[in-house]
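One predicted model, sequence on top.
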Amino acid sequence: MTPSTLPSPRYAVTAVTVSDRSSDGRREDESGQVLLGALEELGYAVRGPVVVPDGIDTVAGALRQAVALGHRLVVTTGGTGMGPRDLTPEATRTVITRDNPGLAELLRREGARHTPYAAASRGVVGVVDWTADQGAGGTLVVNLPGRPSAVREGMDVIGPLLGHLLDQVAGGDH
């Protein structure tokens with residue numbers, strides 16, 4: 001990254017791992033640690049990874065909490081597949097006010113360069129517009145798959161775009 005594309009340090013972010021097994025201690029949260037490392041490498045002050053079980057209420061609650069804290073970015077890992085408890089996209093849709101299907105499709109398309117299973121990811125990208133008392137702008141939410149390699153690949157795609165995207169979400173110039 002060039003200095004002009006580095007994110008503003010004023011943007012605090014939340015990393016969320018969505019996993020029944022990690023939330024109850026049956027499995028180490030590897031993808032959350034990869035996500036944490038990637039976000040810190042980009043220069044963000046990161047809260048998390050916050051680990052929640054699969055489910056609409058738990059994921060939506062974690063997203064709403066990050067928005068309430070004034071975080072400009074929330075990246076989730078996990079819960080985007082085809083399993084019966086993979087409900088991260090549904091939870092995200094209950095919280096965002098505007099979606100960005102182009103970024104979600106970019107993540108799938110670039111992921112397909114590594115594995116055809118990327119097409120099975122149902123992750124979404126969108127913005128939660130802030131209320132007037134929160135100030136101008138909003139929070140960008142990005143869903144990534146739960147495999148550590150998919151998190152690395154997804155962050156390679158979205159990372160270079162984040163500075164520009166977050167400035168736009170905050171009300172900056174295009």
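Here it is on my side, so go on. Residues are numbered from 1 along each chain as shown.

Do a quick rundown of the strands in this structure.
12-18, 45-52, 73-77, 98-99, 125-129, 138-144 (DSSP state E).

Strand 73-77 and the second one, what's the angle between them?
Angular relation of strand 45-52 and strand 73-77 on a 0 to 180 degree scale: 40 degrees, by axes from the mean of the first three to the mean of the last three C-alpha atoms, to 10 degrees.

what's strand 45-52 packed up against?
On a contact count with 3 or more C-beta pairs under 8 Å, 6 or more residues apart in numbering; DSSP states H and E, strand 45-52 meets strand 12-18, helix 20-23, helix 30-41, helix 56-68. Where C-beta positions appear, they are placed from N, C-alpha and C, glycine not excepted.

switch the cut-off to 10 Å
strand 12-18, helix 20-23, helix 30-41, helix 56-68, strand 73-77 (3 or more C-beta pairs under 10 Å, 6 or more residues apart in numbering; DSSP states H and E).

In the protein, where is pLDDT below threshold?
Along the chain, the model assigns pLDDT under 70 to residues 1-10, 174.

Where is the longest helix in it?
Determined from DSSP state H, the single longest helix within the chain is helix 148-169.

Extract the C-alpha set from that one and format it as PDB.
Written as PDB, here are the backbone C-alpha positions of helix 148-169 (Å, rounded to 0.1, in the frame of the first residue of the first chain):
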ATOM      1  CA  PRO A 148      -8.500 -18.800   7.500                       C
ATOM      2  CA  SER A 149      -7.300 -18.900   3.900                       C
ATOM      3  CA  ALA A 150     -10.500 -17.300   2.700                       C
ATOM      4  CA  VAL A 151     -10.100 -14.500   5.300                       C
ATOM      5  CA  ARG A 152      -6.500 -13.900   4.000                       C
ATOM      6  CA  GLU A 153      -7.700 -13.900   0.400                       C
ATOM      7  CA  GLY A 154     -10.700 -11.700   1.200                       C
ATOM      8  CA  MET A 155      -8.600  -9.100   3.100                       C
ATOM      9  CA  ASP A 156      -6.100  -9.100   0.200                       C
ATOM     10  CA  VAL A 157      -9.100  -8.000  -2.000                       C
ATOM     11  CA  ILE A 158     -10.800  -5.600   0.300                       C
ATOM     12  CA  GLY A 159      -7.800  -4.200   2.200                       C
ATOM     13  CA  PRO A 160      -6.500  -1.900  -0.600                       C
ATOM     14  CA  LEU A 161     -10.100  -0.400  -1.000                       C
ATOM     15  CA  LEU A 162     -10.900   0.200   2.600                       C
ATOM     16  CA  GLY A 163      -9.300   3.700   3.000                       C
ATOM     17  CA  HIS A 164     -11.300   5.000   0.100                       C
ATOM     18  CA  LEU A 165     -14.500   3.200   1.100                       C
ATOM     19  CA  LEU A 166     -14.400   4.300   4.700                       C
ATOM     20  CA  ASP A 167     -13.800   7.900   3.700                       C
ATOM     21  CA  GLN A 168     -16.800   7.700   1.500                       C
ATOM     22  CA  VAL A 169     -19.000   6.100   4.300                       C
END
